[in-house]
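Participant: pasting the sequence and the predicted model now:
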Amino acid sequence: MATSSIIENIRVNNPRVLEEYVAAMEEAAKKPLSRSDNERSGVVTDPQEIKSFLQKAMEKKGTRQ
């Protein structure tokens, strides 16, 4: 997702807060988050993994199969 769509609705009226925000964004850009292949999003095609996920989701909602 583009950063512009994330911060589109942010309104800052205090110059000090704006400076702190920009400094935080610049600092975060220096240390990009690296993710392993297991953390990347994607399409799950393994039937057993799908079944396990659905079972966990139904248990959270209080329904069982």
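Facilitator: Yes, it's here.
Participant: give me the neighbour count for residue 46.
Facilitator: Counted by other CB atoms under 10 Å, the residues lying close to residue 46 total 9. (C-beta placed from N, C-alpha, C; glycine too.)
Participant: and it, how far is that from residue 36?
Facilitator: Here the criterion is CB to CB, to the nearest Å. By it, residue 46 lies 18 Å from residue 36.
Participant: and residue 8, by the same measure?
Facilitator: Taking CB to CB, one finds residue 8 at 30 Å from residue 36.
Participant: can you name the next helix or strand after the helix or strand bottoming out on mean pLDDT in the chain?
Facilitator: Using mean pLDDT, DSSP states H and E, the weakest-scoring helix or strand in the chain turns out to be helix 3-6, at a mean of 69. Next helix or strand after helix 3-6 toward the C-terminus (DSSP states H and E): helix 15-30.
Participant: quick one: distance of that following helix to the chain centre.
Facilitator: In terms of CA atoms, centre = their mean, to the nearest Å, the centre of helix 15-30 is found 20 Å from the chain centre.
Participant: dump the C-alpha coordinates for the helix or strand just after it into CSV.
Facilitator: Downstream of helix 15-30, the next assigned helix or strand under DSSP H and E is helix 47-61. Extracted C-alpha coordinates of helix 47-61, given in CSV (Å, rounded to 0.1, in the frame of the first residue of the first chain):
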residue,chain,number,x,y,z
PRO,A,47,-6.4,-28.2,2.2
GLN,A,48,-5.1,-29.2,5.7
GLU,A,49,-3.9,-25.6,6.4
ILE,A,50,-7.2,-24.1,5.3
LYS,A,51,-9.1,-26.6,7.5
SER,A,52,-6.9,-25.8,10.5
PHE,A,53,-7.4,-22.0,9.9
LEU,A,54,-11.2,-22.4,9.6
GLN,A,55,-11.4,-24.5,12.8
LYS,A,56,-9.5,-21.9,14.8
ALA,A,57,-11.7,-19.1,13.4
MET,A,58,-14.9,-20.9,14.3
GLU,A,59,-13.6,-21.7,17.8
LYS,A,60,-12.9,-18.0,18.3
LYS,A,61,-16.5,-17.2,17.3
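Participant: no further queries at this time; thank you.
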